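*Asks:* my questions are about this predicted structure, shown below with the sequence.
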Amino acid sequence: MSPATEASEPSPVLLELVGVTRVHGDGERRVVALREVDLRVRLGELVAVMGPSGSGKSTLLNVAGGLDTPQSGAIRLGRDVLTDLDVAGRAALRRRKVGYVFQDLNLIPALTAAENVSLPRELDGVPSRQARKEARAALAEVGVVELADRFPEEMSGGQQQRVAIARALVGPRRLVLADEPTGALDSHTGEAVMRVLRQRVDAGAAGLLVTHDPRFAAWADRTVYLRDGVIVDATSDDDASELLVGAGTGRGRHAGDAGD
Amino acid sequence: MSVRNGLVALLAERPMGVYELRKEFDARTGGTWPLNIGQVYTTVQRLVRDGLVEPVPEEYEAGDVDPYRLTRAGYDEAESWWRRPVDRATPTRDELAIKLALAVTSPDVDVAAVVHAQRVESMRALRDYTRLKARLPERPSPGDLAWSLVLDSLVFAAEAEVRWLDHVEAAVARAELAHGASAPDASPGASDTPPVPRPATSRTRR
């Protein structure tokens, strides 16, 4: 999404999965949810994951964030190798580096928007004054700073998702893992939420987005398709698209030179 | 897409020359289907031949070279175009539908590979249209609105294509499983081989 950075060096890899395999159950009920999956997400990159139900999409998101552990393979978050850590280490890393956005029930009903967003920072031992400051900044980034003192039930679904995105990327957090974040929204509100997610990623984050809706996946830089735990195809992040030349430039021409 | 109808509709607004017609058509449709000047000229000539368009008599000339205007029949045609629905009774020839129809009935074609390659392309198109949409201001001008609706139409079509490809992939996988499961019945002699259905991934690209 940022053609200006195209010529420069590729941005750092924030999330890397190498040969990740996750098997659920055993014996007759053994199901391979992920099979030797390799995936990289760079800073500034939003990657969509699509595939039929049971293809391993949610497992991929869970292992990427350390909520679930693979039997083999390695997962790296920035400089930390998630798969080398114990439960407590994973939890701490998750609090500091990763945020989740789910379809619904993202926010704690008894807390205001600002409190919801500052909570992970306070849990991480940040003084509450600073946590509150970071929370307001994160809310401002997604354009809902005026909702800081409202409770979730006083917000629309789209506003709640914006707050959830703010919380996912509060303070030093740079990786957002989103599981059907638009699933409970109408298509117009869903588009608006995707626009916010896109802007936040462009402004300096990375995102992995699970969705079944191609229209929302289209906001990502690339889409990987999972089928039976294997990535079967993936679009590449090619900026020089013929379509953009065919469709976009026609309009751009009229503003400037009229001739050909 | 009928250039002819589009030009008649534009001429119903005011007389125009071929250059202005081309420019207006491009601007109003977001440059999605750019016309070359020869195409516009030929189409206008045909409209003149068919009695829908006539050159503006010289005394009314308004700057542009050789402006054209609608005849009475032309205005009737413009109005009738707005009123009648676009014909959908005859499906347009769609290369992708033809390709996949042939692929599933051809023994030597890896259908999954065809689906995957196409899905990558369709998804890329969808992403690119979405990027163009993201550039539009939140409060669109009338020109932005026209362009945004053209983009939406392309978005819906690409989305439908991606969904259809998912459907094709699933349907083919189901058919292969069903075929694999019935195979042992067809050849009872091969009972030493367990009736393992061919997994859907076995034909995917590496």
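*Replies:* Yep, it's here. Predicted, not measured: the structure shown is a model, and the values here were computed from it.

*Asks:* measure whichever residue of chain B sits closest to chain A to residue B:86 for me?
*Replies:* Nearest residue of chain B to chain A: residue B:31, at 1.7 Å (Cβ to the nearest Cβ). C-betas here are computed from N, CA, C, even on glycine. Look at residue B:31 and residue B:86: by Cβ to Cβ, to the nearest Å, they are 21 Å apart.

*Asks:* who has more neighbours, the two?
*Replies:* Per other Cβ atoms under 10 Å in any protein chain shown, whichever of residue B:31 and residue B:86 has more neighbours is residue B:31, with 21 against 8.

*Asks:* the helix or strand bottoming out on mean pLDDT in chain B near chain A anywhere?
*Replies:* Ranked by mean pLDDT, DSSP states H and E, the helix or strand of chain B with the weakest confidence is helix B:142-186, at a mean of 82. Yes - taking Cβ under 8 Å from any Cβ of the partner chain as the criterion, helix B:142-186 and chain A are in contact, through B:147, B:151, B:154, B:155, B:158, B:159, B:162, B:163, B:166, B:169, B:170.

*Asks:* can I get stretch A:214-226 in CSV, CA atoms only?
*Replies:* Included here for stretch A:214-226 are C-alpha records, laid out as CSV according to Å, rounded to 0.1, in the frame of the first residue of the first chain:
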residue,chain,number,x,y,z
PRO,A,214,-12.8,-12.1,-0.4
ARG,A,215,-14.0,-8.5,-0.3
PHE,A,216,-12.3,-7.9,3.1
ALA,A,217,-9.3,-10.0,2.2
ALA,A,218,-8.8,-7.6,-0.7
TRP,A,219,-7.6,-5.0,1.7
ALA,A,220,-4.6,-7.1,2.4
ASP,A,221,-1.3,-6.9,0.5
ARG,A,222,-1.6,-10.6,-0.2
THR,A,223,-3.8,-13.5,0.5
VAL,A,224,-2.8,-17.1,1.4
TYR,A,225,-5.2,-19.9,0.9
LEU,A,226,-5.2,-22.8,3.3
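
*Asks:* state the mean pLDDT of it.
*Replies:* Averaging pLDDT along stretch A:214-226 yields 93.

*Asks:* tell me where chain A has helices.
*Replies:* Assigned by DSSP state H, the helices in chain A fall at A:57-64, A:87-97, A:113-123, A:128-141, A:157-168, A:187-202, A:214-217, A:242-243, A:249-255.

*Asks:* and what of chain B?
*Replies:* Under DSSP H, chain B gives helices at B:3-11, B:18-28, B:37-49, B:72-83, B:95-105, B:111-134, B:142-186.

*Asks:* buried deepest among the ones you listed, which one?
*Replies:* helix B:111-134 (a mean of 21; mean count of other Cβ atoms under 10 Å in any protein chain shown).

*Asks:* helices and strands around it, which ones?
*Replies:* Packing partners of helix B:111-134 (3 or more Cβ pairs under 8 Å, 6 or more residues apart in numbering or on different chains; DSSP states H and E): helix A:214-217, strand A:222-227, strand A:230-234, helix A:242-243, helix B:95-105, helix B:142-186.

*Asks:* of these, give the one that comes closest to residue B:117.
*Replies:* Nearest to residue B:117, of all those, is strand A:230-234, at 7.8 Å by Cβ to Cβ.

*Asks:* and the contacts of that closest one?
*Replies:* Residues from elsewhere that reach strand A:230-234 (Cβ atoms under 8 Å, 6 or more residues apart in numbering or on different chains): A:35-39, A:222-226, B:112, B:116-117, B:119-120, B:201, B:204-205.

*Asks:* quick one: buried ones out of the residues you listed?
*Replies:* Among the contacts of strand A:230-234, those scoring as buried are A:35, A:37, A:39, A:222-226, B:112, B:116, B:119-120, B:204 (criterion: 16 or more other Cβ atoms under 10 Å in any protein chain shown).

*Asks:* what is the burial count for the residue lying closest to residue A:116 once chain neighbours are set aside?
*Replies:* Closest residue to residue A:116 apart from its sequence neighbours, by Cβ to Cβ, 6 or more residues apart in numbering or on different chains: residue A:107 at 4.7 Å. Per other Cβ under 10 Å, the neighbour tally for residue A:107 reads 22.

*Asks:* so residue A:107 is in contact with residue A:160, correct?
*Replies:* Yes - here residue A:107 reaches residue A:160: they are 5.9 Å apart, a contact under Cβ atoms under 8 Å.

*Asks:* could you tell me which residues touch both of the two?
*Replies:* residue A:152.

*Asks:* point out where the stretch 51-200 of chain A drops to low pLDDT.
*Replies:* Across the stretch 51-200 of chain A, nothing is flagged by pLDDT under 70.

*Asks:* what parts of it come near chain B?
*Replies:* Counting by Cβ under 8 Å from any Cβ, the stretch 51-200 of chain A sits next to chain B at A:52, A:195, A:198.

*Asks:* could you list every residue that touches the closest residue to the last one other than its chain neighbours?
*Replies:* Nearest-residue entry for residue A:198: residue A:219, 5.2 Å, with adjacent residues in sequence omitted and distances by Cβ to Cβ, 6+ apart. Counting by Cβ under 8 Å, 6+ apart, residue A:219 makes contact with A:46, A:48, A:194, A:195, A:197, A:198, A:209, B:127, B:130, B:134.

*Asks:* including distance to residue B:50, could those residues go into CSV?
*Replies:* CSV is the format used below for the contacts of residue A:219 (distance: Cβ to Cβ, whole Å):
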residue, distance to residue B:50
A:46, 52
A:48, 50
A:194, 48
A:195, 47
A:197, 53
A:198, 49
A:209, 53
B:127, 42
B:130, 41
B:134, 43
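
*Asks:* can you say which of those are buried?
*Replies:* Among the contacts of residue A:219, those buried by neighbour count (16+ other Cβ under 10 Å) are A:46, A:48, A:194, A:195, A:197, A:198, A:209, B:127, B:130.

*Asks:* quick one, what contacts the fifth one?
*Replies:* By that I understand residue A:197. Applying Cβ under 8 Å, 6+ apart, the residues contacting residue A:197 are A:46, A:101, A:165, A:176, A:178, A:181, A:207, A:209, A:219.
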